[in-house]
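In: Sequence first, predicted model second:
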Amino acid sequence: MFPLLAFLLIFPDGYRPFFWIARNVWSRLVLFGMGFKIKKVFKTNLDPEMSYLLVANHSSYIDIMLMFVAAPNPFVFVGKKELVKIPFFGYLYKRAAIMVDRSSSKSRHGVYGRARKVLDKGYSVCIFPEKDYVDESILLNPFKKGAFRIAVEHQLSICPMVFLDCKRKFPWNTTHGYPGLLRVDIHQPMLTAGLTENDIAELQQRTYDLIRTELVNDPQQQALQAIDAWKKATKTT
């Protein structure tokens, strides 16, 4: 699909059909081909005409595809600049995502202006806010402030999403995953209207606590089982 997607991104408004294909064709074919089914649970009604900051826990390579399928509104990813180096994917990524070089304060600050252009086109913005997320033994890593700074800067409501099964079904070290159902809980947005920079830390902690509580209280305990499975796998090796 690379030639078609690359061609679409030549045009000023090419991201709209690009997103449709990524959501309805590419992501679904990949997930279905890997043996996964998706179950979305909306715990609130979301306005399809409104832009949100979408945030979720990040514990698997398939989180990207799952976000495309599960997100309630069309969105643009904010991600690290290093991914541009990946062959083929990097070419599409640098034209379709908001890139940030974490080592550059100028690049980090520039994200706010680029996010504004995306929001003006009616898209939402998606960020996985965890730090150092590849440690299989940690349920949920601390969050970076950048996502919440963007939300406050643009008075953008935060829509927390919880990926309940990815950490167990397709972990970073893929020796002990298995196909099946991928559940996504989509929670009521956290409003940011009237908030200032002084409120960022509290907003960050509230979002973290919500997602972590959902993972801990999952009746199937999939994320917690993933940690146990990883410990057993590393112990035997």
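Out: Now that the structure is in, tell me what you want to look at. Numbers count the residues shown, from 1 in each chain.

In: show me what contacts Ala229?
Out: When contacts are counted by Cβ atoms under 8 Å, 6 or more residues apart in numbering, Ala229 touches 168, 171, 176. Every C-beta, even on glycine, is put in place using the N, C-alpha and C of the backbone.

In: mind listing which of those residues are in helices?
Out: Of these, the ones assigned to helices by DSSP state H are Arg168.

In: Which among the contacts of Ala229 count as buried?
Out: By neighbour count, with 16 or more other Cβ atoms under 10 Å, the contacts of Ala229 hold 168, 171 as buried.

In: Can you tell me which one of the contacts of Ala229 sits lowest on pLDDT?
Out: Least confident of the contacts of Ala229 in the model: His176, at 86.

In: which residues touch that residue?
Out: Shown in contact with His176 (Cβ under 8 Å, 6+ apart): 229-230, 233.

In: want to throw those into CSV with pLDDT and secondary structure?
Out: Below are those laid out as CSV (pLDDT from 0 to 100; DSSP: H, G, I helix; E, B strand; the rest coil):
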residue, pLDDT, secondary structure
Ala229, 92, helix
Trp230, 92, helix
Ala233, 85, helix
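
In: out of those, who's nearest Leu31?
Out: Using Cβ to Cβ, Ala229 is the member of the contacts of His176 that lies nearest Leu31, at 20.9 Å.

In: Look up how far Cys166 lies from that closest one.
Out: 13 Å (Cβ to Cβ, to the nearest Å).

In: likewise Ala97?
Out: Ala97 is 20 Å from Cys166, where distance means Cβ to Cβ.

In: So if I had to pick from these two, which one is more boxed in?
Out: Taking other Cβ atoms under 10 Å, Ala97 and Cys166 do not tie; Cys166 has more neighbours (25 against 20).

In: where do the strands sit along this protein?
Out: Under the criterion DSSP state E, the chain contains strands at 36-42, 53-56, 75-80, 98-100, 124-127, 158-163, 180-186.

In: and of those, who's closest to Ile200?
Out: strand 158-163 (11.2 Å).

In: which residues sit against the closest one?
Out: With contact meaning Cβ under 8 Å, 6+ apart, strand 158-163 is reached by 46, 52-57, 59-60, 63, 66-67, 70-72, 124, 147-148, 151, 182-187, 189-190, 192, 203, 207, 210-211, 214-215.

In: Return the set of buried residues in that strand.
Out: Judged by neighbour count using 16+ other Cβ under 10 Å, the buried positions of strand 158-163 are 158-163.

In: Likewise for stretch 185-200?
Out: Within stretch 185-200, the residues scored as buried using 16+ other Cβ under 10 Å are 185-187, 189-190, 192, 195, 200.

In: From these, which land in helices?
Out: Ile200.

In: Closest one to Asn141 out of the buried residues of stretch 185-200, please.
Out: Using Cβ to Cβ, the shortest approach to Asn141 within these belongs to Ile200, at 17.9 Å.

In: Can you tell me the closest non-neighbouring residue to that closest one?
Out: Ranked by Cβ to Cβ, 6 or more residues apart in numbering and with sequence neighbours excluded, the top spatial neighbour of Ile200 is Phe148, at 4.9 Å.

In: Can you give me the end-to-end span of stretch 214-229?
Out: The straight-line separation of the ends of stretch 214-229 (Cα to Cα, to the nearest Å) is 20 Å.
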